[in-house]
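>>> sequence and predicted structure are below.
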Amino acid sequence: MRRLQRTLTHWVLPVLVLAALVAAAKPADIRAPEAEPLAIVVNRTNPLSEISLADLRRLYRGQRSRWSNGRRVTLVMRDPGTPEREAILQTLYGVDEDEYRRGFLQAVFTGEANGAPKVLATPNGVLRFIFNVPGAIGYVRASEVDASVKTLRVDGHLPGDAGYRLEVPPQ
């Protein structure tokens, strides 16, 4: 009998209480995960404060290799398989990882691509690289940005603004 009481006290009652709380929850109390904006970041010495999505696409597609001040553009991307990279590939290239690799190899073969983007594993690595390379441009989640880099407005919007189009879908 004591064993039954102990089982009820330790397992059954907490489960029943949890079930009652879930059943009483209103739909507004249960929120779906939200998309998180990606910030486009550059070295603090970069003269830009804003970029159009079209110009960002041109940069990342290798159609533009210099900044307005003549400095060489150094593209920074996250490792393959990261949600941030997948979001950039979809938004800027309109392709998945395999299509991106095939397209990039073709561009190298035909001489259309000047060089591969710098690929970094962590947001901190992206921020440090951009801090140290004046012509660098990359992306991190908006929540990961620090004062070592400058966040660009994209089409007049900062990450989190209504109408901002670069974001990582909820996982």
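The structure has been received and is ready for your questions.
>>> so where's the protein shaky on pLDDT?
Applying pLDDT under 70 to the chain flags the ranges 1-33, 113-114.
>>> so which residues of the chain form strands?
Secondary structure of the chain (DSSP state E): strands at 36-43, 50-51, 74-78, 118-120, 136-141, 149-151, 153-154, 167-168.
>>> pipe these into CSV and attach distance to R61 and mean neighbour count per row.
C-beta: built from backbone N, CA, C; applies to glycine. Putting the strands of the chain into CSV (distance: least, Cβ to Cβ, whole Å; neighbours: other Cβ atoms under 10 Å) gives the following:
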stretch, distance to R61, mean neighbour count
strand 36-43, 15, 23
strand 50-51, 14, 16
strand 74-78, 10, 20
strand 118-120, 16, 17
strand 136-141, 13, 24
strand 149-151, 22, 19
strand 153-154, 16, 20
strand 167-168, 20, 18
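>>> which of these sits closest to G103?
strand 74-78 (13.9 Å; Cβ to Cβ).
>>> off-centre distance for that closest one?
12 Å (Cα atoms, centre = their mean, to the nearest Å).
>>> please render the strands of the chain as JSON lines that adds distance to R57 to the earlier fields.
Shown next, in JSON lines, are these (distance: least, Cβ to Cβ, whole Å):
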{"stretch": "strand 36-43", "distance to R57": "12"}
{"stretch": "strand 50-51", "distance to R57": "10"}
{"stretch": "strand 74-78", "distance to R57": "12"}
{"stretch": "strand 118-120", "distance to R57": "18"}
{"stretch": "strand 136-141", "distance to R57": "12"}
{"stretch": "strand 149-151", "distance to R57": "18"}
{"stretch": "strand 153-154", "distance to R57": "11"}
{"stretch": "strand 167-168", "distance to R57": "16"}
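>>> which of those strands sits closest to L89?
strand 74-78 (8.9 Å).
>>> partner strands of the closest one, with direction?
Using DSSP bridges, strand 74-78 pairs in its sheet with strand 118-120 (parallel), strand 136-141 (parallel).
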